[in-house]
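what would the 3D arrangement of this be:
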Amino acid sequence: MEMNNNTIDENEISNFSSIADKWWDPYGPFKPLHNLNPARILYIKNKLTSYYNIDTKDPKPFKNLRILDIGCGGGILSEPMARLGGKVVGVDPSEKNIKIAKTHSNQSKLKIDYINSSAEQLVEWGEKFDVILNMEVVEHVSNIETFISSCYSLIKPGGIMFIATLNRTIKSYFFAIIGAEYILRWLPKGTHDWNKFVKPSELRNYCSNSGFINIDFRGITYNPIKDNWSITSDLSVNYIGNLNKRKL
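You can find the predicted model right below:
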C-alpha cells in the first residue's frame, strides 16, 4: 500500500512495532494506557452524549457515529468505542499493530475496520468522520501542524475531535520519562522524547490555525494511592481536550 508519509516518524513506528505483540497484556509495556483507558472512555462518552444530545441510558449511544481512531495501535480504545455502538475505523502506520488489532477484534467478535495507513492517506481518499480520536499521538508525529490540518480535513462539519498528549514541562520530564521509563519501568526506555511533548498553548495554536473551534483542555492525573487516573484541572503532565469543526 502506497502511503503519504508526511507526518509519520519511522523511528517511532519501529519502536511501537517492536512491542506490538504486547498491546493486550495489561501488565506489559502498554499497562499505562490500559490504566488510562477508563478515564479516557468516560470523558469521551460524557462529551459525546452531551454534544450530540444522546440518551445516556442507551447501551449503544454511539450507534449513529462514524469514529476514527488515529494511531489505534492494538485497538485498546477502538474496541470500547465499538462496544458502545460506534462505526469504528482504526488507522495505524504500523502493519504489526494492525495485525494484532484485527486478530483481537475478531476474537472479541467486534466489527472494526482496521487500516494500515495514515491520516494523510485517508484525506486523499476523501474519508469523513463524525468523531476523531487523536489520543497520545501528536507527540509521536514528525510535523504536528500538518497532522492537525489533516485531522481537520477528516472531520465532518460540526464534528468533534478528542486529543490527548503530554505537556512539555520539567514535571512531565520527571514523571513521564524518568519515573515511567527508568524508575517504575511502566514503559520501555525511549518510548517518549521530551522535546516532542507539546504545551497546551502550542497545541491550541495548531488547532485554531487549522480551523478548530471550542478548544477545551483538561488534565489527566494519576493517583498512586488509588492506582487510577481522573480528569482534573492540572495540565502539567498529561492532558486531554475536545474541539469542534464549525457547522455549515
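
where do the strands sit along this protein?
In the chain, the strands defined using DSSP state E lie at 66-70, 87-92, 113-116, 129-135, 155-166, 213-223, 228-232, 238-244.

the last one vs strand 155-166, what angle?
What it means is strand 238-244. On the basis of axes from the mean of the first three to the mean of the last three Cα atoms, to 10 degrees, strand 238-244 is oriented at 170 degrees to strand 155-166.

neighbouring strands for strand 238-244, and are they parallel or not?
strand 155-166 (antiparallel), strand 213-223 (antiparallel) (DSSP bridges).

gap between the last one and the chain center?
Between the centre of strand 213-223 and the centre of its host chain there is 13 Å, according to Cα atoms, centre = their mean, to the nearest Å.

contacting residues around that strand?
35-36, 39-40, 43, 164, 200, 203-204, 207-208, 228-246 (Cβ atoms under 8 Å, 6 or more residues apart in numbering). Placement of C-beta: from N, CA and C, glycine included.

give me the buried subset of these.
Buried subset of the contacts of strand 213-223 (neighbour count, 16 or more other Cβ atoms under 10 Å): 36, 39-40, 43, 164, 200, 203-204, 207, 229, 231-232, 235-245.

on that earlier part again, could the strands paired with strand 238-244 go into a markdown table alongside mean pLDDT and distance to residue 104?
Listed next are the strands paired with strand 238-244 as a markdown table, based on pLDDT from 0 to 100; distance: least, Cβ to Cβ, whole Å:
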| stretch | mean pLDDT | distance to residue 104 |
| --- | --- | --- |
| strand 155-166 | 98 | 22 |
| strand 213-223 | 97 | 24 |
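
tell me which of those sits nearest to residue 192.
Residue 192 lies closest, by Cβ to Cβ, to one member of the strands paired with strand 238-244: strand 155-166, at 7.0 Å.

tilt between that closest one and strand 129-135?
10 degrees.

which helix in the chain runs the most residues?
In the chain, assigned by DSSP state H, the helix with the most residues is helix 31-51.

could you list the buried residues of that helix?
Buried residues in helix 31-51 (16+ other Cβ under 10 Å): 31-33, 36-37, 39-40, 43-45, 47-49.
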